[in-house]
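Colleague: Predicted model follows, preceded by the sequence.
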Amino acid sequence: MPPGSKTAIIVSSDANYFDLLMGTVNSLRERAGGLDVDLCILDVGLTAEQVNHLRDLATSVVSVDWEFDFPGRDKTPGYFKAMTSRPYLPRHFPGYDLYMWIDSDAWVQDASVLETYLRSAAAGQLAVVPEIDRGYTMFYKRPRPYHRRLSHRMYRWAYGWRIADRLGRNPILNSGAFALRGDAPHWQLWQAAHKAAMCRWRISPGVRDLYGRISEQTALNYVVYRDKAPATFLPAYCNWLCGHGTPMFDPDRRLFVEPHAPHQPLGIVHMAGDGIQDMTFDIAQVGGGSVRTGLTYPDAGKLIAPAP
């Protein structure tokens, strides 16, 4: 941890994601308890009972409203506030030197990666993980035509064809886990880029809703690739996307690891991807065999070794 830095780790949820949120919270309490950080909750639709429960576990629980108006806002589900509020974290949780965000469908296995994020952020960089790795099986499939790739389509939705053609070849930076200094210029750039994207389109069911749901991520990518905001790209094990590649399990170390040698232990296990949270996997083990388990913290946490 950077010495003397006051740090907030922020997680968000509505009532439907509460069980996943508790997995994130419990993993932080059980596996990162030695870190001098405050746990903060961004409430985007929790019940009163859930909020009361969290007040005993977190430093603060803050309910948020929409940050700005945009077409179709009145028909946009409340959980979307977790996206529109993300570029405004210093406003909702003032007084911190460093901010780290972790999606509520992710949990911490190795707390040392949190220190990696925070050291990078303390140096004035956005600490974030690109969605690319040798263990992500989706990249071994037949490639789509360039204009049909997700990266190109998300930029096209948010900023138009010209920006999509210019930026769409860059690896997507996943905003489900990142760290940033409280006084970094990125926040204002991100706010402006996200508002500009959201005001282009009306959020509606179907494909546009998909791009709307990742619009704050698209805006963060825009800030890095077009505005040239300083960033450092961390390795995939710092935010392992299970929807891109299934991890392995090392029975000797009792840890989930990368699927290729040297089998680095995963720091953050992120269940991004349709239905990943509800699936049961036959996880290949280092040395042979497999273990059958879900990847949520209540399931996977039964297999892993206690935190040192």
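Modeller: Received, thanks.
Colleague: Now Ala121: closest residue in space that isn't a chain neighbour?
Modeller: Closest residue to Ala121 apart from its sequence neighbours, by Cβ to Cβ, 6 or more residues apart in numbering: Ala179 at 3.8 Å. The way it works is simple: take the backbone N, C-alpha and C, and place the C-beta from them, glycine included.
Colleague: what sits against Ala8?
Modeller: Residues near Ala8 by Cβ atoms under 8 Å, 6 or more residues apart in numbering: 37-40, 59, 89, 93, 96, 98-100.
Colleague: where's it, which helix or strand?
Modeller: In this structure, Ala8 sits in strand 7-13 according to DSSP states H and E.
Colleague: Give the next helix or strand downstream of that strand.
Modeller: Later in the chain than strand 7-13, the nearest helix or strand by DSSP H and E is helix 18-31.
Colleague: Show residues contacting that following helix.
Modeller: Contacts to helix 18-31, defined as Cβ under 8 Å, 6+ apart, come from residues 9, 11-13, 39, 41, 46-47, 50, 54, 57-58, 102-111, 271, 277, 296-298, 301, 307.
Colleague: which of the residues in that helix are buried?
Modeller: Buried residues in helix 18-31, defined by neighbour count with 16 or more other Cβ atoms under 10 Å: 18, 20-28, 31.
Colleague: got it, and stretch 278-285?
Modeller: 281, 283.
Colleague: could you give the mean pLDDT of it?
Modeller: Rounded to a whole number, the mean pLDDT of stretch 278-285 is 96.
Colleague: again with stretch 173-182
Modeller: The average pLDDT for stretch 173-182 rounds to 97.
Colleague: Show me what that stretch is in contact with.
Modeller: 86, 90, 96-103, 105-106, 117-118, 120-122, 124, 126-131, 186-187, 216-217, 220-221, 224, 231, 233, 238-239, 241, 268, 270, 272.
Colleague: List only those of those residues flagged as buried.
Modeller: 86, 90, 96-103, 105-106, 117-118, 120-122, 126-131, 186-187, 216-217, 220-221, 224, 231, 233, 238-239, 241, 268, 270, 272.
Colleague: Restricted to helices, list those residues.
Modeller: Within the buried ones among the contacts of stretch 173-182, residues falling in helices by DSSP state H are 90, 117-118, 120-122, 186-187, 216-217, 220-221, 224.
Colleague: Just the closest of those to Ala196, please.
Modeller: Glu216 (12.0 Å; Cβ to Cβ).
Colleague: What about the nearest residue to the closest one once chain neighbours are set aside, how many residues nearby?
Modeller: Leaving aside its chain neighbours, Glu216 sits nearest to Met83 (4.3 Å; criterion: Cβ to Cβ, 6+ apart). Met83 has 22 neighbouring residues, counting by other Cβ atoms under 10 Å.
Colleague: Let's verify Met83: helix, strand, or coil?
Modeller: Secondary structure state of Met83, per DSSP: H, G, I helix; E, B strand; the rest coil, is helix.
Colleague: Surely it touches Ser215?
Modeller: Yes - with contact defined as Cβ atoms under 8 Å, Met83 counts as touching Ser215 (6.5 Å).
Colleague: Quick check: neighbours shared by these two?
Modeller: Shared contacts of Met83 and Ser215 (Cβ under 8 Å, 6+ apart): none.
Colleague: Leu189 reaches Tyr225, doesn't it?
Modeller: No - between Leu189 and Tyr225 there is no contact under Cβ under 8 Å: 11.7 Å.
Colleague: Kindly indicate whether the most centrally placed residue in the chain is helix, strand or coil.
Modeller: In the chain, the centroid-proximal residue (Cα atoms, centre = their mean) is Gly176; its distance is 0.9 Å. Assigned by three-state DSSP, the conformation of Gly176 is strand.
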